[in-house]
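Participant: after the sequence you'll find the predicted model.
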Amino acid sequence: MAGDRTARAAFVGRRGELEQLRRLLGAVGTPAGIGTVLIAGEAGVGKSRLISEFTATASAGAGPSGRLHVLSGACINLGVGVPYAPLVDAIRRLVRERGDGYLTKYGGPAYTELTKLIAGLPGGGPAAGAAAEPVSQMRVFGAVLRMLDHLGANGPTILVFEDLHWADPSTLDLVPYLVQAQTDERVLFVFSYRPGREIEGSRLMDLLAETTFSRRTRHIKLPAFTEEELGELLSASVDDALEPAVVQQYHRLTGGNAFFAEELIVDGRLTDPTASHLPLSLEHLLSSRLHQLGPHARGVVDVAAVAGQAVGYDLLAEVCDIRPRELDDALRACDDQQILRLDPQRKTYDFRHALLRQVVLDDLGPGHLRELHAGLAEALTADPTLAADGNPAAMLAHHWFEARRWPQALRAAVVAAEEAQRSQAYRVAQIQYERVLDRLWRLVPDAGTVAGMTEDRLLSSAAEAARWAGDLDQAFRLLRRAIDAVDAGERPVRAGELHERRGRYLWEQGVNDASIAAYRQADTLLPQEPPSAAKARVLAALATVEVQSGHYRDGLAAARTAVAHARRAGARAEEGRALNTVGMALTLLDEPDEGVPDLLSAVAIAKEVDQLEDLHRAYGNLTVALEHAGRLTESAKVALDELDRCEAAGLPQTKSTRVLANNAGTTLVMLGRWDEAESLLTRAIHDRPVRETRYPRLTLAEIHVARGRFGRAAELLRELQVDAGTDPRFLGPLACCLIELALWQRDHAAAAAAVERGIGLIKGTEHVLSLLRFRAVALRAVADTPRRLSRQQHQEELAGRLAELELLIEPTQVEPGSEVGVLSAQCRAELDRAGSADTAEQWERIAADWHRLDRPYHRAYALWRAAEAALRAGPREAVARDAGGAYRLARERSAKPLTRAVEALAESAAVPLESVEPPGEDAQQSIPQQRRPADPWGLTVRELEVLRLVYAGDTNRMIARKLHIAERTVAVHVGNILRKSDVENRQMAAMAAQRLQLFPDS
């Protein structure tokens, strides 16, 4: 039975797991579908066999007229790793099986784009020497996702990555992106890995522990075979049932491991009467098989083990240095012993199981091992086409390093790092650079000549790789070493360039004071003449510093100087960066209409020179200008459209995109679209430190206060006060949020203290809106203070407290209907309220103005105060009208503190409180041509529109297209519907809507 292969074709057990995979494949693309499966199991337990059976039967089940796309690749156990190894493997296999045009036809333009981004793909990879685009790693991710989307549109698609415990860093970045970006694509991801010590302390373990990742996955854990299943496998090999005692013995010896059992069958031990002394360790069994090989065959196995996962015939021939006939005989012997197997399409050989390779490696002595690594490296250097995966750079770096040939290893590692950067595999590049810096640089004489670059250039390149890999702290450490390696006296321009970059890194970290100092140091080092791009960057950065510190006029002058310098230097990107600051300074000087054209120019230049980070910053500032001009809906649309474009293109989150997300969130809060804002801002701060995410955290805190989540708001505010910086656009809202939190909690002492602190923080700023927003909230705190003193004493105390507030002088000329005008009127009303002199008509005019500005929560607050004033005057119908309007607006946004305050007012007034349309509500707020259903869940108009389409069976993508909104926004609305209706999924929500007859005409 030693050569019997029939048992290897038997599929034993795993019927439940196989059926589960089939059900999951059938459900992909539906609302109930789970698009990712993680198959875990120890080595040899049968993960690969289950996956191959599943893909084979799924393909057969598709039928002659059906179409199922299967991409299956495996990770490589090769030290640093080959970037995107399983993806490259999967695509190359599919191209070999289906032809060159298959993916071009069904993968869409995304496949063509992908071939330009990743080295190793058929006909692809960036050209040597091509400049790396810094933020392009996520372009790879976006291209992969779009390719899968195209495939899924033509038929269900299965993407398999095996042996994820060996995944390279780029693959471990790609996997969660695909899983979390998936919505209703007809794609099933299947990933296998070994649990336990194989992944202890690894990034894969961290990924598996992430809640957001695990919620989107289904785990299948493959146990060892039961005694019955093992008996079925063993019996299939002899075409007869075995005695129970024999099965029991072998189950005890193998522990039910499928690979162990297969080895017993192949080795002919099943009917051997001496089998009782077989060890539990597979190593002895495999070693005995290896010892049966002749010298040539054993040499081939040794080379294959050192080469990696797969090795081509020509590379084996080159390194083994034997005649072709001897090599053919050796490979045949390896196949007969079931050690190596041939992939007939790739013309490569690999080990039948990874454990076999490990046994061979463990048996090699250190000298022989180094010799084999050197032979492989020499062969690949002479002919790079011998690399089985088409990407020899990483393999050369690995083999030269293991061969301890330090000069060659140094040069190869630098080339591999540069190639990884061109392929946007920044984590792989970072590891290669750090291997050079930590080990090789000091081992190689004249290392700079060998590497082809100076040490400071190497360090700065490594810093950029670390930066775009997301390790900003390490990037800063490497850049600090680069600065130390440059003598500023001898090379002032280079030193200035590095300090300018240090300023950028510190700014991204949120360490503003140190960032400013770095920019000023760079400014000192870089000469004014001749004009240079580096000097222009520094001048633009220093202008931005002035603007962020609240010195808008000085910042405007500095930014215009930077524009002039950039134009003299012909530095187009830097010109756009400086125009960005010009536009922002004008905006904050209350001239947004003048600032918008400069910001639009900055956007155009950033697109022209393909500077994505500058593009995001320009769009972010443009949204601020539009918001200051009162164009809230336009501001939100610009921000959300750009964020959607970034997401569709697979671009990463940088600080600039987080600023853009925060600006969108802030405007959405003003518009009353709190659920969208909260979802957007929560993603923006995920896994980012406080110092990098101050603004989105503050906006989230504002939402929490307004919704009555006081504990969560207080926690965020405590973090934000540790290092609040100097920007009045942050300090003003921070003070307001602290005051409002104290007021809703009826802690008037804390509110008064926050007012006093706020006056000191914001006093002297040139930003009128920040002043007025703070003053309105501060006067509210004064008016809310309980009156323990007589009226005369109270007025004297009030006058004394307002003396400080009068430092925040209102503008003498106010544009009617502008936010400045409404805030000025509200400050007057709060001052009157402090003396019980405010009127319902006064507050109703303010509410109407807020309505014209699309500010529903501010409007609700004004209506509440109008109802209070009406209660003092007596007309119950006015109290009911204003309170009802405030109640509806507050309840729609789950603004619980304001809702409870209105309820208390209505109860004290003994007026009925209904969720009525507020005075002056536009008819367009209702669903066009349809009666607005009376639902019991308090859904917004938009949520009802989405629920109607969910009820009709539409997917998120279909809903997004019909309503002309982002798919991400649809997901937010669906989540809100499920939460408010207290159901678990879309089907249950649709059933509940049917039961309540919410849409009888649908």
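Facilitator: Sure, I can see it. Numbers count the residues shown, from 1 in each chain.

Participant: from here on, contacts and neighbour counts on C-alpha atoms
Facilitator: Will do.

Participant: now the strands for the chain?
Facilitator: With DSSP state E applied, the chain shows strands at 36-40, 69-74, 157-162, 187-193, 217-221, 310-312, 340-343, 348-351, listed in chain order.

Participant: I'd like those strands laid out as TSV, including distance to Q421 and mean neighbour count.
Facilitator: What follows is the strands of the chain, written out as TSV (distance: least, Cα to Cα, whole Å; neighbours: other Cα atoms under 10 Å):
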stretch	distance to Q421	mean neighbour count
strand 36-40	29	23
strand 69-74	22	22
strand 157-162	23	23
strand 187-193	26	24
strand 217-221	30	16
strand 310-312	24	22
strand 340-343	31	19
strand 348-351	28	22
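
Participant: including distance to R520, could those strands go into CSV?
Facilitator: What follows is the strands of the chain, written out as CSV (distance: least, Cα to Cα, whole Å):
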stretch, distance to R520
strand 36-40, 50
strand 69-74, 50
strand 157-162, 49
strand 187-193, 50
strand 217-221, 50
strand 310-312, 54
strand 340-343, 61
strand 348-351, 58
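
Participant: any chance of the ones you listed in JSON lines, with mean pLDDT and distance to A425 too?
Facilitator: Shown next, in JSON lines, are these (pLDDT from 0 to 100; distance: least, Cα to Cα, whole Å):
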{"stretch": "strand 36-40", "mean pLDDT": "93", "distance to A425": "23"}
{"stretch": "strand 69-74", "mean pLDDT": "92", "distance to A425": "18"}
{"stretch": "strand 157-162", "mean pLDDT": "94", "distance to A425": "18"}
{"stretch": "strand 187-193", "mean pLDDT": "93", "distance to A425": "20"}
{"stretch": "strand 217-221", "mean pLDDT": "90", "distance to A425": "25"}
{"stretch": "strand 310-312", "mean pLDDT": "87", "distance to A425": "22"}
{"stretch": "strand 340-343", "mean pLDDT": "83", "distance to A425": "28"}
{"stretch": "strand 348-351", "mean pLDDT": "85", "distance to A425": "26"}
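
Participant: between those strands, which one is closest to P597.
Facilitator: Among these, the nearest to P597 by Cα to Cα is strand 187-193 (44.0 Å).

Participant: show me what the closest one is packed against.
Facilitator: If you count contacts as 3 or more Cα pairs under 8 Å, 6 or more residues apart in numbering; DSSP states H and E, strand 187-193 packs onto helix 15-27, strand 36-40, helix 137-154, strand 157-162.

Participant: that strand vs strand 157-162, what angle?
Facilitator: On the basis of axes from the mean of the first three to the mean of the last three Cα atoms, to 10 degrees, strand 187-193 is oriented at 10 degrees to strand 157-162.

Participant: contacting residues around strand 187-193?
Facilitator: Here strand 187-193 makes contact (Cα atoms under 8 Å, 6 or more residues apart in numbering) with 24-25, 28-29, 34-41, 47, 148-149, 152, 156-165, 179.

Participant: stretch 106-114 too?
Facilitator: Outside of stretch 106-114, the residues within contact range by Cα under 8 Å, 6+ apart are 103-104, 124, 140, 143-144, 146-151, 154.

Participant: out of the residues you listed, flag the one nearest to V300.
Facilitator: G124 (31.1 Å).

Participant: and the closest one, what's its pLDDT?
Facilitator: If you check G124, the pLDDT there is 61.

Participant: residues near the closest residue to L853 other than its chain neighbours, how many?
Facilitator: Closest residue to L853 in three dimensions, ignoring its sequence neighbours and counting by Cα to Cα, 6 or more residues apart in numbering: G630, at 6.8 Å. Counted with other Cα atoms under 10 Å, residues neighbouring G630 total 18.

Participant: ok, now how distant is G630 from L734?
Facilitator: Going from G630 to L734 by Cα to Cα, to the nearest Å gives 22 Å.
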